[in-house]
Structure formats: structure tokens, C-alpha cells
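Peer 1: this one's structure only:
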């Protein structure tokens, strides 16, 4: 039985400074780092569009103008490509500007992911919505977001994406304590803790950058005190919802076992570039031949 309203809105926080990729991100948003021939942020917007989310809000900050430019039309460039008869590249740049309407709101001060999500409250209103973090790339063959939206509609609560990690690495993530639900392939989240020590972690289930949230999260975020790192943590607000009762309460988890890359981590970013490049029809096989020779 469907409990909630239909989900059409996506929020993409993109206000971070990208310090892990300095100096490359000194003058360029980290979200614009290329993965083969598209910026990382485009893969995220395309994922939202594939899931049927046709109202996208990007939370930006200073020095992020390149994001708006990328998803906008560029008549001069388009005209130049038309005159050259370069239809292939013309189609490629049209893809970004035809993904649907994208709106932008600035996060005036970097107060954490919870604050960035709160910046979306006026645009989102009283509807459930998805949150996609730009650092996480999900393989386009996967339907994680669609599955999460179905779980939200079924439960009426909020839904998070989880992956199993090496227990020694759990301190780099938000961590979930969960219980199974009879007859379901998703779990109930009993509690959440942001970046616990290995000894304090309740499980090896890590929260990754996909959420489908009930709008009641906004009211909780408004009263959530700064937590770890002096920031307003989305994890803390979800912990409140997990422990609460009534409309919008309850947090559920979908354990994802597909391919996912953390483009905020240098090694994972390089793996994403190599993997996606090796699957490209036009040069993938040639790249794999070169890699075998290079490794040997």
C-alpha cells in the first residue's frame, strides 16, 4: 500500500570545497572533475533523471558558478559545432542542458550536510524527496534510487542506502544498527552514529550518499544542534526520526551490493575513471590491452 506522496524532487548538495583534491579544485568545483569525458556531477543528475525525478535543486556555494554553466545552454559553442558539422559533440553538450529544470540555492555558510539539506526546505515543501551526494557515483545499470523510492512509498518514513565495509574502515562513515523485517528485502534502522570508532560501531553497515526523506526531516533539522565536527549532521536528524513515532517517523535501509565509487577519494576516483573508460565502445578494448601491457 502506498502511504506517501509521489516523489519528483531531488536535492543535490554541492557546496563542499573539495580540499582532498587540491590543487586541482583550487579554482574548479570538485563536482566538475571529469570522469572520462563528463563531470562527476552530470552522472549524478542523470541518475536522478533516470529515476523519474524531474525537479532538481542543487545546493551550491562560492566558486560554484561552473556547475550552473555546465547545465545551461552555450549558444556560441553550439553554433561553432554546427558550422563544423560536429553533430556528435553537439549532441553530447545538449545532453547536459536537456536533463530537465535545475534550480540552485546557495548555502551561505558551510554548516554541514544537515544544514545543506535544510536549505532545500522552501523548495521541497511537504513532499518526500531524494538526496544525492555528488561524491558517490552509482553504476548506471543499478536501480538503487528507484528501489529506495519504492521503500519510502511503502513505509512512509525515510530511507537510507547502506553498504557493507571492512569493519576497520567504518570510522570513515555514518554507521547503522539495523534489524531485519520479515518478508522484506529492506531493513529497519534502529540507530545511527556518525563516524564511530571501530570499537563503538554497532555494525559494518555504512551510510552512503543516497537518501529518500520524508519532509518531517526539516523540522528535526531546525532543532538539531551541531554535532561531530561542529556541523549539523543529517545522521543526527535521522537518528531522531528512527527513534520517533508518528507521521514521517521510522528510518529504513536498503543494502546496496552493486558498483559504487567515492569520487571524493583519490584512489576510488581513479578506479571510476579506469572502469568507465574500459567499458566505452570507442576505446575500451584498446585501453584494456594497454593496461595489461602496462601492468606486466
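Peer 2: The structure has been received and is ready for your questions. Please read these numbers as outputs of a predicted model, since none were measured by experiment. Numbering: from 1, shown residues only.
Peer 1: in what helix or strand does residue 115 lie?
Peer 2: helix 113-118 (DSSP states H and E).
Peer 1: and the helix or strand just after that helix, what's buried?
Peer 2: Downstream of helix 113-118, the first helix or strand assigned by DSSP H and E is helix 121-124. Going by neighbour count (16 or more other CB atoms under 10 Å), the buried part of helix 121-124 is 121, 123, 124. Every C-beta, even on glycine, is put in place using the N, C-alpha and C of the backbone.
Peer 1: residues contacting the last one?
Peer 2: When you say that, I think you mean residue 124. Contacts here follow CB atoms under 8 Å, 6 or more residues apart in numbering; on that basis residue 124 touches 9, 11, 57, 215, 218.
Peer 1: among these, which one sits closest to residue 163?
Peer 2: Checking these against residue 163 by CB to CB gives residue 11 as the nearest, at 21.0 Å.
Peer 1: if I look at the residue lying closest to the closest one once chain neighbours are set aside, how far off is residue 160?
Peer 2: The shortest distance from residue 11 to any non-neighbouring residue, by CB to CB, 6 or more residues apart in numbering, is to residue 120 (4.4 Å). Taking CB to CB, to the nearest Å as the measure, residue 120 falls 17 Å from residue 160.
Peer 1: show me where the stretch 1-150 of the chain has its strands.
Peer 2: 9-13, 34-35, 38-39, 55-60, 102-106, 129-132, 136-138 (DSSP state E, counting those that start in this stretch).
Peer 1: right, I mislabeled it, should have said the stretch 151-296 of the chain
Peer 2: With DSSP E, counting those that start in this stretch as the criterion, the stretch 151-296 of the chain has strands spanning 158-164, 174-180, 187-194, 205-213, 251-255, 260-262.
Peer 1: select, out of those, the one closest to residue 72.
Peer 2: strand 205-213 (24.7 Å).
Peer 1: distance between the closest one and the chain's centre?
Peer 2: 8 Å (CA atoms, centre = their mean, to the nearest Å).
Peer 1: just list whatever residues bridge to residue 55.
Peer 2: Following DSSP bridges, residue 55 is listed with bridge partners residue 9.
Peer 1: for it, give me its contacts.
Peer 2: Contacts of residue 55 (CB under 8 Å, 6+ apart): 8, 9, 10, 100, 101, 103.
Peer 1: show me what contacts the second one?
Peer 2: Just to be clear, that refers to residue 9. Neighbour list for residue 9: 53, 55, 56, 57, 123, 124, 127, 129, 130 [criterion: CB under 8 Å, 6+ apart].
Peer 1: how about JSON lines for the residues you listed, with distance to residue 113 and pLDDT added?
Peer 2: JSON lines is the format used below for these (distance: CB to CB, whole Å; pLDDT from 0 to 100):
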{"residue": "53", "distance to residue 113": "19", "pLDDT": "95"}
{"residue": "55", "distance to residue 113": "20", "pLDDT": "94"}
{"residue": "56", "distance to residue 113": "17", "pLDDT": "95"}
{"residue": "57", "distance to residue 113": "15", "pLDDT": "96"}
{"residue": "123", "distance to residue 113": "17", "pLDDT": "94"}
{"residue": "124", "distance to residue 113": "15", "pLDDT": "94"}
{"residue": "127", "distance to residue 113": "20", "pLDDT": "92"}
{"residue": "129", "distance to residue 113": "14", "pLDDT": "97"}
{"residue": "130", "distance to residue 113": "14", "pLDDT": "97"}
